[in-house]
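3D model of this:
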Amino acid sequence: MNPQGMFRFYASLPFLILGAIIIVAIVKIILEKVTGKYGKSNKINRTIDISKCPIQTLETILDQCNNIHKAIRINSEMLFYIDEYNMYLIMFKNWIGNVQGEPKDLKWYIKSTQDYRVNNAYIELKEKLNIVKFKINNDDIIPILLLNGLLIFNMSDPEIETIRMENILDRINRKAYQKKYSEEQINEIAELLCKEMSKGLH
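Numbering: from 1, shown residues only. Presented below is the predicted three-dimensional model:
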């Protein structure tokens, strides 16, 4: 190849590389659209569906409390939370629609895009509360039924606080007059509950 040909080749090389990159990008986009599979670079722009991970959302919110605390996941919709002031058993029902029934009914109906029946959350929470109280040998646990903002819910129970997800941090931060538990006690209770859970609490 003569010097003039070599010059033309090297001068056009950046344009050839750029063209190849553009072709690869176009093919990649077409394949992703057709297959529905996205590469790592696309995950940044995709939103997280929190309806699939409500308990993780609750854990993240409670972790914002600026005091000594422990949060222990009992199951996919329930947390035990203890800080220096109180202990809580929190059940989060991520239902959407209109709950129909009475506080003492075994089953409730949810009117939504597709109607369905659910277990009475108050009964569920009380049953689990009694187990946790027995396992840690402490009756001083506040039960909370936590609901999302998209649910129409007009029932109440005198033994259980019923609040919305957006209010849970304010509720937990509302402290008692005097501290009840030291850091050592918090760790001991949390450790005991974890041991009991390993035996089949949940």
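
Verify the stated contact: Tyr109 with Gln100.
Yes. The criterion here is C-beta atoms under 8 Å, and Tyr109 meets it with Gln100 at 4.6 Å. All C-beta spots, glycine's among them, are computed from the backbone N, C-alpha and C.

ok, so what distance separates the residue nearest to Leu146 when sequence neighbours are not counted from Lys199?
Distances taken as C-beta to C-beta, 6 or more residues apart in numbering put Phe92 closest to Leu146, at 4.3 Å, once the chain neighbours are dropped. As judged by C-beta to C-beta, to the nearest Å, Phe92 and Lys199 stand 24 Å apart.

Which of these two has more residues huddled nearby?
Phe92 (21 against 7; other C-beta atoms under 10 Å).

A strand includes that one, no?
Yes. Counting by DSSP: H, G, I helix; E, B strand; the rest coil, one finds Phe92 located in a strand.

what about Leu150, how many neighbours?
Counted with other C-beta under 10 Å, the neighbours of Leu150 add up to 13.

Next up, the contacts around it.
Ile96, Gly97 (C-beta atoms under 8 Å, 6 or more residues apart in numbering).

Distance check, it against Glu166.
For Leu150, the distance to Glu166 - C-beta to C-beta - is 11 Å.

Next: Gln100.
23 Å.

Please verify my assumption that Lys107 contacts Tyr122.
No. Taking C-beta under 8 Å as the definition, Lys107 is not a contact partner of Tyr122, at 12.0 Å.

Could you check which of the two is surrounded by more residues?
Each of Lys107 and Tyr122 had its neighbours counted (other C-beta under 10 Å), and the higher figure belongs to Tyr122 (21 against 10).

A strand includes the more buried one, no?
No. Read with three-state DSSP, Tyr122 is helix and lies in no strand.

list the contacts for the residue nearest to it when sequence neighbours are not counted?
Computed as C-beta to C-beta, 6+ apart, the closest residue to Tyr122 that is not its neighbour in sequence is Asp157, at 4.7 Å. In this structure, Asp157 makes contact with Pro103, Tyr122, Leu145, judged by C-beta under 8 Å, 6+ apart.

Take the residues you listed and lay them out in CSV including pLDDT.
Shown next, in CSV, are these (pLDDT from 0 to 100):
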residue, pLDDT
Pro103, 93
Tyr122, 97
Leu145, 97
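
Name the nearest of these relative to Ile26.
Checking those against Ile26 by C-beta to C-beta gives Leu145 as the nearest, at 52.1 Å.
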